[in-house]
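S.K.: give me a model of this one.
(2 chains, ligands or ions: 2)
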Amino acid sequence: MNSIGLLIEFNDGRVKEANFGMATAARGENRNLVALVADGPAEDAQAVLEAYGVARIVNIRSGNRSWDPARQAAAVAAAMQKLEIDSLIGLTSPSGRELLPRIAARLGAPLIMDCIDIDLEAHRVRTSQYSGKTIATIALTGSHFIYGMRANVVPALKEPAEAEIIDFSFDGYQDTGYEVIETRTDGSGAHYLAEADIIISGGRGLKRAENFKLLFDCARHMNASVGASRVAVDNGWVPYAMQVGQTGVKVNPKVYMAVGISGSVQHFAGMKTARMIIAINTDENAAIMANCDYFAVGDLFEILPELEKALAAAKRSKEVA
Amino acid sequence: MKRVCCGRPVFFVKPESGMNRKIMNIYVCVKHVPDSAATITVEGGTGINEKITFLLNPYDEHAVTEAARIKTGLPDAEVVAVCLGKPTAETTLRAAMAMGADRGILIETDRPQDSIFTALALAAAIQSDGRPWIIFTGKESIDSEGMQTQFRLAENLSLPVATNVIKVDIDGDGVRVESEREAGTIDVIRMTAPCVIGAGKGLNTPNYPTFPDIVKSRKKPVRRIGLADLAIESPAAGMQIQELVPAVEQRTPRALTGSAADIAAQIVDILKNEAKVI
Ligand SMILES: Cc1cc2nc3c(=O)[nH]c(=O)nc-3n(C[C@H](O)[C@H](O)[C@H](O)COP(=O)(O)OP(=O)(O)OC[C@H]3O[C@@H](n4cnc5c(N)ncnc54)[C@H](O)[C@@H]3O)c2cc1C
Ligand SMILES: Nc1ncnc2c1ncn2[C@@H]1O[C@H](COP(=O)(O)O)[C@@H](O)[C@H]1O
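M.R.: Residues are numbered from 1 along each chain as shown, chains lettered A, B, ... in the order given. Ligands and ions are numbered 1, 2, ... in the order given. Presented below is the predicted three-dimensional model:
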């Protein structure tokens, strides 16, 4: 049996949805799925991890009182060595971007982030390069293999299993001159864009910061996240964390709605893998209109208020039903 | 000091920490990448046609700008731009020098290298050059999108590393940085120097060079190093591109028409019945 490690992430104490697609992608004949939970509620997660085929849960205690990616990565790498787990899959998420490269560096292991396809037998992956303009097939060689998966590329399918929990306490950490003094959150509780199923983004067409409220109002009724083009960010209308594109977040939602966004090459670099793209723009010749699934030629200031009403009504009728 | 990297022992001398800034350099790793607006054409199955505009990787612009800003408070420090690339990558080193680097090092290679090898070459070149105080990189390169060179470089040199850094303050014998982990979440990190810092976009507004800066940069020295001079043992682990294909776009746009209310109703219908997300 081949042990495949899954680096589990939590959101408000619950296993992140995107981890289930990851577990689904990792399953296969002669494979043993091992969930690695670093400083998290391993026992609470047992039932839900079992539902997706996990056979072992490693409850890793790195000695962290709070978030410290250097120490956590060292603990995960040590657990992989101790338990002879040679492949590890995690998400290309904010904490995945901190942990996976640190684990790979420690193990001297190859790592590909943002994989859209992983062949665990051949150690071969596919990922986009050159701002999404090409897809590369990359072969990994080494004694350990680390993969960062793009969220939502594989739909989650249940396959029940029974899992045992193993405790792993890590005490071999050496001070490396790195210390997280504090973590500040601005309280926005922003839903992390890269894992969102629906994103509605605004660009220059929104004209002012206040007008982003139109997008947030629609987003609320469909449980969507709000994104933006670089112009909206550079004008100070919304924070940089909301920027979608080559120099912003790369997203992979089921539906991407581009409102008042022209569809520059750099914006496309961040959202072209969306399953469906819907564009709203006054200019029928905007680049986005030629490279989407649905487009409406019209004024966003007229369409968004109507859309909010229609979404609110749809949500109410669903709640009643 | 001996450490094992990629299954083989490599020898590195850990730079002594201390505050003698006369010999403490700020290194900035800069990558030569295709302009994001250029048309990419696959050539030879695994590479691209390189007769397009290449630029300094956008995140590395923030790194060079920050290094130049820090240097203004430390008159004896030198800012050294380091690049592993083909001989044509000299233009990227010149761009870094026009933005404030004092000199450049070009580690010459005849083909693209993976991040494992790149980090070994950058570490070896920096160590053979002088004593690093801060090593800047970008948070990621826009061509290979590896998101890892800074971590491997730090590991090779046994140094602390922070990435997606949006603020740097000198703090005694180290630095205090702010790293943007996710939307609305910032980690405040203290690192002892020497250390590695991966620049994020929020760090600063790049110093776009003036014409005199460009003229001055032409006179700044660039040292060329061959890979053989660095005597890097070939790592046991690697990542190799087997195939590169253009990403296909196969969307057929369909128009939504009618009044604003009609359009809104159609969108809701699509979200519900076709995309099945609401
Ligand atoms: C190195 C580099 C990196 C970059 N990285 C990014 C990145 O990560 N993300 C990114 O987005 N950009 C990025 N850019 C910028 C990019 O090139 C474009 O400038 C930017 O995406 C344009 O933003 P926009 O579509 O909002 O604005 P515009 O291109 O000005 O488009 C605005 C659109 O709004 C429409 N509009 C106006 N009024 C209305 C209305 N009332 N109703 C409906 N539609 C309306 C207009 O018809 C137009 O199509 C980058 C550029 C460079 C050079
Ligand atoms: N060939 C290279 N030469 C110099 N610096 C590099 C090179 N490749 C990567 N880097 C640095 O490492 C950062 C991260 O790159 P990557 O891991 O490819 O995303 C870049 O922003 C550069 O600062």
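
S.K.: B:His32 against B:Ala96, yeah?
M.R.: No - counting by Cβ atoms under 8 Å, B:His32 stays clear of B:Ala96, with 10.1 Å between them. Bear in mind the C-beta positions are built from the backbone N, C-alpha and C, glycine included.

S.K.: who has more neighbours, these two?
M.R.: Between B:His32 and B:Ala96, B:Ala96 has the larger neighbour count (other Cβ atoms under 10 Å in any protein chain shown), namely 31 against 23.

S.K.: shaky segments in the chain?
M.R.: No chain specified, so I'll use chain A. Within chain A, the stretches falling below the threshold (pLDDT under 70) are A:187-191.

S.K.: not quite, I wanted chain B
M.R.: Chain B contains residues with pLDDT under 70 at B:1-23.

S.K.: using PDB, write out every CA atom in whichever strand in it runs longest.
M.R.: Of all the segments of type strand in chain B, defined by DSSP state E, the longest one is strand B:161-171. What follows is strand B:161-171, C-alpha atoms only, in PDB (Å, rounded to 0.1, in the frame of the first residue of the first chain):
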ATOM      1  CA  VAL B 161      12.200  33.300   5.200                       C
ATOM      2  CA  ALA B 162       8.900  35.200   4.900                       C
ATOM      3  CA  THR B 163       6.900  35.600   1.700                       C
ATOM      4  CA  ASN B 164       4.300  37.900   0.200                       C
ATOM      5  CA  VAL B 165       5.800  40.700   2.300                       C
ATOM      6  CA  ILE B 166       4.100  44.100   2.100                       C
ATOM      7  CA  LYS B 167       6.100  46.000   4.700                       C
ATOM      8  CA  VAL B 168       9.800  45.800   5.900                       C
ATOM      9  CA  ASP B 169      11.200  47.600   8.900                       C
ATOM     10  CA  ILE B 170      14.700  47.300  10.200                       C
ATOM     11  CA  ASP B 171      14.600  46.200  13.800                       C
END
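
S.K.: run me through the strand neighbours of that strand, direction for each.
M.R.: In the sheet, strand B:161-171 lines up against strand B:174-182 (antiparallel), strand B:195-199 (parallel) (DSSP bridges).

S.K.: hmm, who's touching the longest one?
M.R.: Counting by Cβ atoms under 8 Å, 6 or more residues apart in numbering or on different chains, the neighbours of strand B:174-182 from elsewhere in the structure are A:93-95, A:98, A:177, A:181, A:183, A:190, A:192, A:240-241, B:134, B:162-169, B:186-193, B:195, B:197, B:200, B:202.

S.K.: redo that, cut-off 7 Å
M.R.: For strand B:174-182, the surrounding residues in contact (Cβ atoms under 7 Å, 6 or more residues apart in numbering or on different chains) are A:94, A:98, A:192, A:241, B:134, B:162-169, B:186-193, B:195, B:197, B:200, B:202.

S.K.: can you give me the helices in the stretch 151-300 of chain A?
M.R.: For the stretch 151-300 of chain A, the helices identified by DSSP state H, counting those that start in this stretch occupy A:212-222, A:230-234, A:265-271, A:300-320, in order along the chain.

S.K.: closest to B:Pro87 out of these?
M.R.: helix A:265-271 (28.0 Å; Cβ to Cβ).

S.K.: how about the strands paired with strand B:161-171 in TSV, adding mean neighbour count and distance to ligand 1?
M.R.: Listed next are those as TSV, based on neighbours: other Cβ atoms under 10 Å in any protein chain shown; distance: least, Cβ to the nearest ligand atom, whole Å:
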stretch	mean neighbour count	distance to ligand 1
strand B:174-182	22	15
strand B:195-199	28	14
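
S.K.: what are the ranges of the strands in the stretch 51-200 of chain A?
M.R.: Counting by DSSP state E, counting those that start in this stretch, one finds strands in the stretch 51-200 of chain A at the ranges A:56-61, A:87-91, A:111-119, A:124-129, A:134-141, A:145-149, A:164-169, A:178-185, A:198-202.

S.K.: and the third one, which strands flank it?
M.R.: Taking DSSP bridges as the criterion, strand A:111-119 sits next to strand A:124-129 (antiparallel), strand A:145-149 (parallel) in its sheet.
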